[in-house]
Every structure is written in C-alpha cells, then in structure tokens.
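In: quick one, structure for this:
(one chain, ligands or ions: 1)
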Amino acid sequence: MGDRDRLRDYRGKRYFDRTGEPRGSGAAAADRPRFVVQIHDASTMHFDFRLQVDDVLKSWSIPKGPSADPEDKRLAVPTEDHPLEYEEFEGVIPRGEYGGGTVIVWDHGTYEPLSHDREGRPVDFAESLEHGHATFRLRGSKLHGEYDLNRFRSGRHGDGEEAWLLVKRAGGRARTRGAPDPWRARSAMSGRTLAQVASDAAGE
Ligand code: MN
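Out: A predicted model of the protein is given here:
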C-alpha cells in the first residue's frame, strides 16, 4: 500500500491549515524503527502509543498509559496510522478540531522487533501485528524493556471495538512503577508539562 493510502484516514480527519499537525510528506525511515508515546489532553485524557512500521506510525490510544509493572494489563485501542513526522508533534490542537487539546511527547526512542511464532522462530513484525501478537523491546528515555501487544477483541479497524492489551514482560530490571500522572509528566523533548505547553501556545 502506498503512503497516500495508508495516511488517508489520518488526513481525512484533519484540517492541516488549522491544527499545526504534520500532513506527512513521507519522511525517510531511520535505520532502527522508532516509537513515541504522547500524552493527549483531549475530550478524555489518554496516551497515544505509536510504533514505526515501514513508513507510518501504527497507533493505539491507551487510556491509562503504558506501565512498567508486568502485573498491569493496559487497554490499547487502535487508531489511524500517523505520519512519521508525528513523533515530534507537541502543541495544542485547537478546540473543535479532530482531537482538539494539548499534546506532549512523553517518551520516544527506538525499538527492537522481537515477534516470534509458537516455535520461537522470528516473524516479520508487520505481519505479527496483523496477526495480533507483537513483541518488542523499547529503548526510550523513560520506557525500557520488552513489551507484548496482543489483540484480544477484533472489530473493524477504527470502529472502537477492536481492542488490544499492552503488557510489560516479566524479567529484566525489577520495576513496579505504574503509569505516570499525566498532569505531572514532562515532555521528553522539551521538559514541559501539558499545562506549560498549553500556556506557551496561548502566549504565541
Ligand atoms: Mn490522541
């Protein structure tokens, strides 16, 4: 599928002359695939978890945010593919626009695809997502270690029915830290909180 098709849903929902979000020009893919977690103070507060797969960011909305505690199973609802440039989007989407509200880049970095089949053989990462079972190791400034992302309920993509769980794999460094408080969390890009990004935008 071409870049134009993959970003059709994303572009169809937005007026780029108003929102300040990237339209997506097909930026060159980096060597290692990237990930980003944004905090989005929209009509309901949520985290947006995005993994680069080829030339787009596959995206999930995670109401409670990712947890470093393997006991926490975090609901992740898929959303439309976003352009690679979205990794650096931080700012305020005007009220009344799609997803209106403040966005900060809470964490970003690279990830290592680790998906495998039942016999433990490595499988193509994009394919593993299509089959609803992906494993990867995050290397961010806040998130580290291996995570599983598993689809537990199917639905038509984007209908809000399809649902996944994001769970930290046990092992590695012992951590019991849950999700961050979105209001106190700081941007990995600018060090700012949601409130600071909002007031900076208001003062522009
Ligand atoms: Mn969002």
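In: state the number of residues packed around the closest residue to residue 153 other than its chain neighbours.
Out: Nearest non-adjacent residue to residue 153, counting by C-beta to C-beta, 6 or more residues apart in numbering: residue 163, 4.2 Å away. Backbone N, C-alpha and C define where each C-beta goes, glycine included. Neighbourhood size, residue 163 [other C-beta atoms under 10 Å]: 16.
In: I'd say residue 163 and residue 74 touch.
Out: No - using C-beta atoms under 8 Å, residue 163 is not in contact with residue 74; the gap is 11.0 Å.
In: which residues touch residue 44?
Out: Residue 44 makes contacts with residue 63, as judged by C-beta atoms under 8 Å, 6 or more residues apart in numbering.
In: show the pLDDT at it.
Out: Note on residue 44: pLDDT of 96.
In: tell me the SS of residue 87?
Out: Here residue 87 is recorded as helix under DSSP: H, G, I helix; E, B strand; the rest coil.
In: revised request: answer the last question for residue 120.
Out: coil.
In: quick check: mean pLDDT across stretch 145-159?
Out: Across stretch 145-159, pLDDT averages out at 87.
In: would you mind writing the CA trace of that stretch as PDB?
Out: Below are the C-alpha coordinates for stretch 145-159, written out as PDB (Å, rounded to 0.1, in the frame of the first residue of the first chain):
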ATOM      1  CA  GLY A 145      12.400  -3.400  28.200                       C
ATOM      2  CA  GLU A 146      10.200  -5.900  26.500                       C
ATOM      3  CA  TYR A 147       6.500  -5.500  25.900                       C
ATOM      4  CA  ASP A 148       3.800  -7.600  24.400                       C
ATOM      5  CA  LEU A 149       1.000  -6.100  22.400                       C
ATOM      6  CA  ASN A 150      -1.900  -8.600  21.900                       C
ATOM      7  CA  ARG A 151      -5.200  -8.200  20.300                       C
ATOM      8  CA  PHE A 152      -8.000  -9.700  22.400                       C
ATOM      9  CA  ARG A 153     -11.100  -8.400  20.600                       C
ATOM     10  CA  SER A 154     -11.400  -7.900  16.900                       C
ATOM     11  CA  GLY A 155     -13.600  -5.400  15.100                       C
ATOM     12  CA  ARG A 156     -13.500  -3.300  12.000                       C
ATOM     13  CA  HIS A 157     -10.400  -1.100  12.300                       C
ATOM     14  CA  GLY A 158     -11.300   2.300  13.700                       C
ATOM     15  CA  ASP A 159     -14.800   1.300  14.900                       C
END
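In: tell me the buried residues in that stretch?
Out: 145-151 (16 or more other C-beta atoms under 10 Å).
In: likewise stretch 62-72?
Out: 62, 64-70, 72.
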